[in-house]
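J.: Sequence first, predicted coordinates after that:
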Amino acid sequence: MKHFTKKKALDPIGDEEKNRELKLYAIRHRQKLLKLGKDLGIRLHYGASTSCVEILTILYKFWMTYDSEEPQWNDRDRFVLSKGHAAPSLYITLSSCGFFPDSEFKNFRRLHSMLQGHPDRKKTPGVESSTGSLGQGFSVAAGMALGGKADGASYKVYVLISDGECNEGSVWEAALISANYKLDNFIVLLDWNKKSSYGEMKGRNDVAPLEEKWQAFGWNVIMCDGHDFISLTQMLENAENAKDQPSILLCNTIKGKGIPYVENNRTPANFALSDEQYNEAMTYLKKLEVEIGL
Amino acid sequence: MKLEVKDITTAYGEALVEVAKFYSNIVVLDSDIADSCKTEAFLRAFPKRSFDLGVAEQSLPTIAAGLSLVGKIPFYNSFAVFAVSRGVDMIRQSVAYNNANVKIVGHAAGQSMGYTGPSHHTLEDISILRAIPNITILSPCDAVETTQMVWKMAETEGPIYLRLARATVPNFHRVNYKFEIGRTELLKEGTDITIFVTGDMVVLAMEVHDVFASQGISCKIVNVPTIKPINVEEVIKHGQGTLGALTIEDHSILGGLGSTIAEIYAEFLQKPVKRLGIPDVFTESDDAAVLRLEYGLSVDLVIRLAREIL
């Protein structure tokens, strides 16, 4: 089914119902993620997969144009998950948008599965580029935008990168190239959760100040609350209207958002939740569901 | 008969313009050295299809992959050492794993940059790329073969590496030669020893052939323009009638053409193989011809090694 929108920001009052619907998607997304880890008894990147839930949700459930029944439809917007370790969250989003059935999750990360540990373009419908080596999906997406701009194409290219990923030199090469070629069809969302694999980035492998850095590289830089759909759509609209420069949304996010244990503790990047931690998160999400009035 | 000589890189640049007239989705990526890569003619002919990324070689494979994923056929250009080694992970992850329709063009491969020194000599590109799935490796021996390869690269879907020596060489092929990916080419028939050779080293192999002929030794010369996928059946066939094989390449003896042939000989023919190439060292600066003598790519050494087989 084709998914279109007018690419207009949500109105805090007029679009209250839509906002509520999106919040529910985000809760269900986190519940699915928790259940995936629990049911399969596997370790997951819970922190990195939850900080970007609202970003993925707003893009696929509201903002982007695509056709899940015809994933290669030429006029579709492109999305690349450059922080490929958040693959479970991308898969949950894609399946909920109809790219493949939920039943695929039972073979997640197993031999012959369409759902590999990191995104695989050749195996998973809706995945635009295989990623997993950080700093590359961003650059590949820049190449897509370069091609789209050269063709005068109507589609936009969106890419989700992490703050830890900005330690990669290749990010800054592609940032320069994108600005030099005035790629105003290129919109980057940076999941700024302040933590990389080994913990807090501040004082260790800090990438801040990000705003000034990206501005200095010639980008339209927009600050944004990465867990708030109103803020995300307002800033996406700003980015869509930029002329002659690429845009980046610095999305303030919380690593582990929605899983209290991960939000509040230092955890390994890839780990299994205990039953207690799982139950605590499920209870918390249920409470949120009730609060927004399910 | 005296053969016409032509620079391989110039042939590439001219072919690119011709092929791009036919394939409107070909785009060219440069890395601030369009002059050295002879892509300026393309830039003049198709300014809107030409993108110079600057000195950003690790972005060549990824930007090219992105372009290919939206329907372009990108040919990206740099000195071979940077076109391959600088962005190996990008080639592996974003080009090969994506099976993206990216054409990697490595210029001045081997020791052909001579005086610029080992930082610019490319002696491990074949070894590196051979180990990565989905990539085809092409290595032309003259201008005619180079031109043919550019056509084939455009019409063949998938990642392809074109390894170009900076060399002015005789055209061993006539203009009506039809290069095919995955085929070897018998240049000289012979019954005593088989020489497998690639790139501009064909010049050396042909010299060896003539010296051998004067000594009464019958030497078969096989040009290997496609190093991967190697045509195993043809290599076996070329090896069956002779006592053993000798390989010649302007590349490390570890992992390149010599290793490819040795693997096939070990598995299927159980005959001796001698590999001629650059030993496992960092080279030095000098004229490319001087370096080739220093590191053993000489008629004398070929003949000495061949004598060990005969």
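T.: Nice, thanks for sending it over. Residues are numbered from 1 along each chain as shown, chains lettered A, B, ... in the order given.
J.: In chain A, where is pLDDT below threshold?
T.: Applying pLDDT under 70 to chain A picks out residues A:294.
J.: can you check the stretch 101-250 of chain B too?
T.: Checking the stretch 101-250 of chain B against pLDDT under 70 turns up nothing.
J.: now do 90
T.: B:174-176 (pLDDT under 90).
J.: Quick check: residues of it near chain A?
T.: Proximity of the stretch 101-250 of chain B to chain A, by Cβ under 8 Å from any Cβ of the partner chain, involves no residues. Glycine gets a C-beta too; all of them are placed from N, C-alpha and C.
J.: where do the strands sit along the stretch 101-250 of chain B?
T.: B:103-107, B:136-138, B:160-163, B:168-170, B:185-188, B:193-197, B:219-223, B:226-228, B:245-252 (DSSP state E, counting those that start in this stretch).
J.: Which of the helices or strands spans the residue of the stretch 1-150 of chain B found nearest chain A?
T.: Closest residue of the stretch 1-150 of chain B to chain A, Cβ to the nearest Cβ: B:Gly66 (2.1 Å). Applying DSSP states H and E as the criterion places B:Gly66 in helix B:59-69.
J.: so can I have CSV of the strands of the stretch 101-250 of chain B showing mean neighbour count?
T.: Formatted as CSV, these follow (neighbours: other Cβ atoms under 10 Å in any protein chain shown):
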stretch, mean neighbour count
strand B:103-107, 28
strand B:136-138, 24
strand B:160-163, 27
strand B:168-170, 18
strand B:185-188, 17
strand B:193-197, 27
strand B:219-223, 25
strand B:226-228, 22
strand B:245-252, 28
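J.: would you list every one of the helices in the chain?
T.: Going with chain A. With DSSP state H as the criterion, chain A has helices at A:16-40, A:46-50, A:53-58, A:87-96, A:136-151, A:169-180, A:210-216, A:229-240, A:260-264, A:275-291.
J.: that answer is for a different chain, and I need it for chain B
T.: B:8-22, B:40-45, B:59-69, B:80, B:88-90, B:125-130, B:143-155, B:202-214, B:232-240, B:257-264, B:288-294, B:299-309.
J.: pretty sure A:Asp163 contacts A:Ser197?
T.: No - using Cβ atoms under 8 Å, A:Asp163 is not in contact with A:Ser197, being 11.5 Å away.
J.: Just give the nearest non-adjacent residue to residue 223, would you?
T.: Assuming you mean chain A. Once flanking residues are discounted, A:Met223 sits nearest to A:Leu250: 5.3 Å by Cβ to Cβ, 6 or more residues apart in numbering or on different chains.
J.: look at chain B instead
T.: Nearest non-adjacent residue to B:Asn223 (Cβ to Cβ, 6+ apart): B:Glu185, at 4.3 Å.
J.: and A:Leu176, how far is that from chain B?
T.: 7 Å (Cβ to the nearest Cβ, to the nearest Å).
J.: burial measure for A:Val171, as a count.
T.: 25 (other Cβ atoms under 10 Å in any protein chain shown).
J.: Burial check on residue 288, number of neighbours?
T.: The chain I'm using is chain A. 15.
J.: Not quite, go with chain B.
T.: 20.
J.: Could you list which residues are in contact with the residue nearest to it when sequence neighbours are not counted?
T.: Distance criterion Cβ to Cβ, 6+ apart; nearest residue to B:Ala288, sequence neighbours excluded, is B:Gly114 at 3.7 Å. By Cβ atoms under 8 Å, 6 or more residues apart in numbering or on different chains, the contact list for B:Gly114 reads B:285-291.
J.: If we use 10 Å, what do you get?
T.: Neighbouring residues of B:Gly114 by Cβ atoms under 10 Å, 6 or more residues apart in numbering or on different chains: B:108, B:120-121, B:166, B:283-292.
J.: and if you look at B:Ala64?
T.: A:139-140, A:143, A:146-147, B:27-29, B:51, B:53, B:72-76, B:87, B:90-91, B:94-95, B:100-104, B:159.
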